[in-house]
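# Need the 3D shape of this:
(chains A, B, C and D)
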2 protein chains.
Amino acid sequence: MALPPAVELRRRNRAALLEQLHRHGPQTRAELTEALGLNRSTIGALATDLADSGHLQETTGQSTGSAGRPSTLVACVPQSITVSAVEIRADRLRFALVGLGGEVLERSETALEEGADAMTAVAGLTRGTAAAAVAAMPGLVDEGTVAHSTELGWVDRRVAADLEAATGREWKVVDTATAAAVGEWARGDAREARKLLYLHGGRGLTAGLVIEGRAQRGGSIQLGHIVVEPGGRECECGLRGCLEAEMEVRAYAEDIERTTLAAGMGDGAARDWLRRSGEDLGRALGAVVTATGPDEILFGGWLRELYLSTAAPVRSALAETTLPHLRSKLRLRTPVLGDEGALIGAAETGFEAVFDRMR
Amino acid sequence: MALPPAVELRRRNRAALLEQLHRHGPQTRAELTEALGLNRSTIGALATDLADSGHLQETTGQSTGSAGRPSTLVACVPQSITVSAVEIRADRLRFALVGLGGEVLERSETALEEGADAMTAVAGLTRGTAAAAVAAMPGLVDEGTVAHSTELGWVDRRVAADLEAATGREWKVVDTATAAAVGEWARGDAREARKLLYLHGGRGLTAGLVIEGRAQRGGSIQLGHIVVEPGGRECECGLRGCLEAEMEVRAYAEDIERTTLAAGMGDGAARDWLRRSGEDLGRALGAVVTATGPDEILFGGWLRELYLSTAAPVRSALAETTLPHLRSKLRLRTPVLGDEGALIGAAETGFEAVFDRMR
DNA sequence: ATCATATGTTGCAGACAACAACAAACCTCG
DNA sequence: CGAGGTTTGTTGTTGTCTGCAACATATGAT
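Okay, here's the model as predicted:
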């Protein structure tokens, strides 16, 4: 005898149990039995198994107040599996080491000088202990390569390979908006959303879609390059009338707080910009909503400030370009994880890969 | 002893084997061993198992010309599992009974008088022997209900329940465009496409997206209600400037052959319409492409004729509204299954459900 | 204190897939 | 035409897995 026969099942069940705890927090064995649809004895075997390997910790004898033998509570050990998450922006790098169960164990942030190589900076942040490493970055990401990122100025860059070369380990690459959508769904308060659209305002505008908890296969939505004004302003991407160009993102959005403040103080140009931007954004959104049919939209990055200060034109422009039936199911909100969403979501993506690999 | 212990594995493997044969056609046992990653003996057990239950037929002793014992070829028995597929249009009903492996066993078509109830007509077509029943219809379909269909004039109709009441069996409901996309992917020649966007021209314009062979979760794209001209013509849906309204679908598209013919004979109005329609379509497509990033687009329904007769304006408008990086990977074509796509795809969706249910 | 209830634990049985050895059926080459 | 090589199906064995049932344990209720 040499290798596993029907060990596959055990592996699958182990992964399922771990994932259940990771996503839903500590649970009793009884609850796990219910959730996984397995027998008490099987859960017992799996749990002691995983406790022996250090992934789980069981705290016994929790009296619940109701009749019957008290159930043992089982929780994951965060340190037993960790995931490195990095968010790359044009001007800075953010890092988090996230443990099983979702706890953030370490965190750091480093400024990135203009022109500096992000890869070596990443290598300085991450250690090799993590079970998975995920990098989130703004742009059109497809299977480890960034096809196009106005924000980072990268075109067809094989980022996963570059990161691997710099750090000596495998990397997964996702786009910031999709990562943030995943994060808000998994650890924010958007878990009820069936189709969650996350809008991310950085130097560019991107959007990410999470459907029933799963990132939409195949990368992000280049929201900034929806054409809202055919034949309009010239955009860096070579088109005309892109949302990014029409909004004059570079001029106003980079310092959105100052712009909203100025508008509040009666600055006509700032006011005008806010109104026009809101309308343009709403129109672009209309097309995206019609194309994807979300039931919740989150305004992240500096779009958060834009939306909070000027929701009315966004809503009305959206109303003029979206089917009533799609609009009626739509909630517009701002994210609860703030700037952390992408980092959290990237880590969550890593854990998904870890669980998949276990099976 | 009463019920299955670890029978789950066997069921999974049985389903996997059947699905493999259904999708890839007859294969030898050796090929199945390779494809499923199971042991020869396991494949043998599964095959005889399924042959005994009548799902498979093994033809032995096929000499391949190369050395070694000739492998037994195993193929599905179409009659052993069948799926009813129905395509509902405003004016007619199409039905197909499709067998395991994809063979169409029966087919029929009935005209639907204006105002007639489609449900009872469906009941007249389908018999109760099929393992699954799927209905494709144009519009915004979500979990058995049609939220909105300009073509059928239905709003928030619980079609699955209605069909169930009329026929006494469970129904799955999908939208025509998505079904056609699935069909072209599974049985057409679009299997290489990673993201396949199928545009369907009926009385309305819808689109369906298939990503790596799987229908995008959550229904179709209301292509006809992308706003291409803010503040433009009034549309039935209540918005202004929708693609459907701007294209004047009702006036010209319903009889597209006559329009293209007239344009060919020098009719200025028809020519104008073709050019303007192509441009509007291209612009709407630009938004959808930016939002979904497909690598192949198929023009189905009457959009097929429109595209074949007037591709240039479509392409140039698309070029003006799509990121170069998305455009460069894009192939534009017409479907190979013609009008059958939606029916085939609906059946394929049904088989997917059947296989899922087996596990 | 006793009973009811809910939960962990243990031993057992049925099932399953991998493995290895063997049998079968083909090809090639002398 | 027969021997050797090659590929594939078959069979018996083995280790592992999960469900089940009976038992043990720990609580609340009476």
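# Next, give phi and psi for the closest residue to DNA strand D within the stretch 201-350 of chain A.
Nearest residue of the stretch 201-350 of chain A to DNA strand D: residue A:213, at 24.1 Å (Cβ to the nearest atom of the strand). In short, each C-beta sits where N, CA and C put it, glycine included. The phi/psi pair for residue A:213 (degrees, to the nearest 10) reads phi 90, psi -10.
# Please name the nearest non-neighbouring residue to it.
Leaving aside its chain neighbours, residue A:213 sits nearest to residue A:185 (5.8 Å; criterion: Cβ to Cβ, 6 or more residues apart in numbering or on different chains).
# Give me the pLDDT for that neighbour.
At residue A:185, the predicted lDDT confidence score is 96.
# I'd say it and residue A:196 touch.
Yes: here residue A:185 reaches residue A:196: they are 5.5 Å apart, a contact under Cβ atoms under 8 Å.
# for residue A:334, what are its contacts?
With contacts defined as Cβ atoms under 8 Å, 6 or more residues apart in numbering or on different chains, residue A:334 is in contact with A:298-300, A:304, A:307-308.
# Around residue A:11, how many other residues sit close by?
12 (other Cβ atoms under 10 Å in any protein chain shown).
# does it belong to a helix or a strand, and which?
helix A:7-24 (DSSP states H and E).
# could you check whether that helix is close to chain B?
Yes: applying Cβ under 8 Å from any Cβ of the partner chain, one finds helix A:7-24 in contact with chain B at A:8-9.
# that older thread, please, which helix or strand holds the residue nearest to residue A:213?
In this structure, residue A:185 sits in helix A:176-187 according to DSSP H and E.
# Now do the very next helix or strand once past that helix: which elements does it pack against?
Per DSSP H and E, the first helix or strand lying C-terminal to helix A:176-187 is strand A:195-201. Applying 3 or more Cβ pairs under 8 Å, 6 or more residues apart in numbering or on different chains; DSSP states H and E, one finds that strand A:195-201 contacts helix A:176-187, strand A:205-211, helix A:268-292, strand A:296-301, helix A:302-309.
# if we can go back for a sec, who touches both of residue A:185 and residue A:196?
In contact with both residue A:185 and residue A:196: residue A:210, using Cβ under 8 Å, 6+ apart.
# Surely residue A:242 touches residue A:228?
Yes: here residue A:242 reaches residue A:228: they are 7.5 Å apart, a contact under Cβ under 8 Å.
# More neighbours: these two, which one.
The residue with more neighbours, out of residue A:242 and residue A:228, is residue A:242; 32 against 26, by other Cβ under 10 Å.
# quick one on the thing from earlier: Provide a list of residues in contact with the residue nearest to residue A:213.
Counting by Cβ under 8 Å, 6+ apart, residue A:185 touches A:191, A:193, A:196, A:210, A:213, A:345.
# Emit the PyMOL select command for whichever of those are buried.
Buried members of those, defined by 16 or more other Cβ atoms under 10 Å in any protein chain shown, are picked up in PyMOL with:
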select buried, chain A and resi 193+196+210+345
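# Out of the contacts of residue A:185, give me the two with the largest separation.
A:193 and A:345 (13.9 Å; Cβ to Cβ).
# circling back: just the buried ones from the contacts of residue A:334?
Among the contacts of residue A:334, the ones that count as buried by 16+ other Cβ under 10 Å are A:298-300, A:304, A:307.
# burial of the residue nearest to residue A:312 when sequence neighbours are not counted, as a residue count?
Distances taken as Cβ to Cβ, 6+ apart put residue A:278 closest to residue A:312, at 7.2 Å, once the chain neighbours are dropped. By other Cβ under 10 Å, the residues close to residue A:278 number 23.
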